[in-house]
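Asker: sequence first, predicted coordinates after that:
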Amino acid sequence: MPSGQPLDPGAAVSVRGLRKSFGRKDILHGLDFDIPTDSIVGLLGRNGAGKTTALSILSGQDPATAGAVSVLGRHPFEDPTTAARLCFARENQKYPESFKAAHVLKSAPWFFEHWDQGFAERLVRMFRLPVETKIQKLSRGQLSAVAIVVGLAARAPLTFFDEPYLGLDATARQLFYDVMLQDYLEHPRTIVMSTHLIDEAADLLEKVLVIDDGRILMDADADSARSAAFSLSGPAAAVGQVSAGWTAMNERRIGGLASVTLAGQPDAALTAAAAAHHLEIGPVGLQDLVAAIGSRSTDTLGASAPATDTAVDTSEEQR
């Protein structure tokens, strides 16, 4: 998205030139993106990429150093109207020392006008949450369950999930994905998920934002993201020969074998060359794609890092 475009008044979240610095350290470097209303969006990237900092600004907890931010049509920082319409669910949420999960569920309706107490109680049973145990004595998985119950039962117009599900085991995480999707279909709202478990959540996402080192490296709908790259595997010499001229995002070698991630989609010439050299062409999962993007020293697929921040355009074949 070119910098300088106006904020999108129809988007749930619209950001232009967002920057955040702590002292002399720059964390976010001029982010530009939109999050559509009534959608599930993945904010993806490795640790330290700037995801939590961005979510803290979008949720009104921290001010931006520079740039324009619109959340549900308003500037979010210290705005009670915006705060009343969003929910920020995270595992390390702080509560009073005497609080139990039961206190959280009792006080939640004071903050969330769409709170569904019956749904919250069903979620408590699903995740086997001991509501009479003090918050400070809950396990990591149980703390995750508290955050998930609040995030789902609030049914806020805008919900941020900042990896609260990391404390859950695989079975409980799948339960969370299933319940979230079902409830989203019945009660549409905007959900932003920051997660490292990308392949687990990939089928839920309608839009993908990949952030690395405080810059947006990919801004695409999920279908475009899934077709943004492919893999070429086989004997290293043949892989190098056939992939010459293509943008290599990542490469792995084991002995005489190699697997390279290439930007774009294979054309007829590459497909024929791969067949002639007995090479395998395969899809690239979203998690592997994000890892490949994060390992590159470029801001866009197929280009050296420019002086200005540019989002990945997945609508054209990258060669």
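Answerer: In hand now; what should we look at?
Asker: per-residue confidence at the residue nearest to G17 when sequence neighbours are not counted?
Answerer: Among residues not flanking G17 along the chain, G67 sits closest, at 3.8 Å (CB to CB, 6 or more residues apart in numbering). All C-beta spots, glycine's among them, are computed from the backbone N, C-alpha and C. At G67, the model reports a pLDDT of 94.
Asker: pretty sure I135 contacts K94?
Answerer: No: judged on CB atoms under 8 Å, I135 makes no contact with K94 at a distance of 9.1 Å.
Asker: need the residue closest to the centroid of the chain.
Answerer: With distances taken as CA atoms, centre = their mean, the chain has L43 as the residue nearest its mean C-alpha position (1.9 Å).
Asker: C-terminal to the helix or strand that contains that residue, what's the next element?
Answerer: Under the assignment given by DSSP states H and E, the secondary-structure element containing L43 is strand 40-44. Past strand 40-44, heading to the C-terminal end, the next element that is a helix or strand (DSSP H and E) is helix 51-58.
Asker: can you tell me what sits against the helix or strand just after that next one?
Answerer: Tracing the chain past helix 51-58, the next element assigned as helix or strand by DSSP H and E is strand 66-71. Contacts with strand 66-71, where a contact means CB atoms under 8 Å, 6 or more residues apart in numbering, come from 7-9, 11-19, 30-31, 57-60, 75-77, 82, 86, 158.
Asker: could you redo the last one with a cut-off of 7 Å?
Answerer: Where contact means CB atoms under 7 Å, 6 or more residues apart in numbering, the residues beyond strand 66-71 that reach it are 7, 13-19, 30, 57-58, 75-76, 82, 86, 158.
Asker: if we can go back for a sec, please state the offset of the strand holding L43 from the chain centre?
Answerer: Counting by CA atoms, centre = their mean, to the nearest Å, strand 40-44 is centred 3 Å from the centre of its parent chain.
Asker: next: stretch 57-77.
Answerer: Between the centre of stretch 57-77 and the centre of its chain there are 18 Å (CA atoms, centre = their mean).
Asker: stretch 39-54 too?
Answerer: Taking mean C-alpha positions (CA atoms, centre = their mean), stretch 39-54 and its chain are 5 Å apart.
Asker: same question, stretch 15-29
Answerer: Stretch 15-29 sits 19 Å away from the centroid of its parent chain (CA atoms, centre = their mean).
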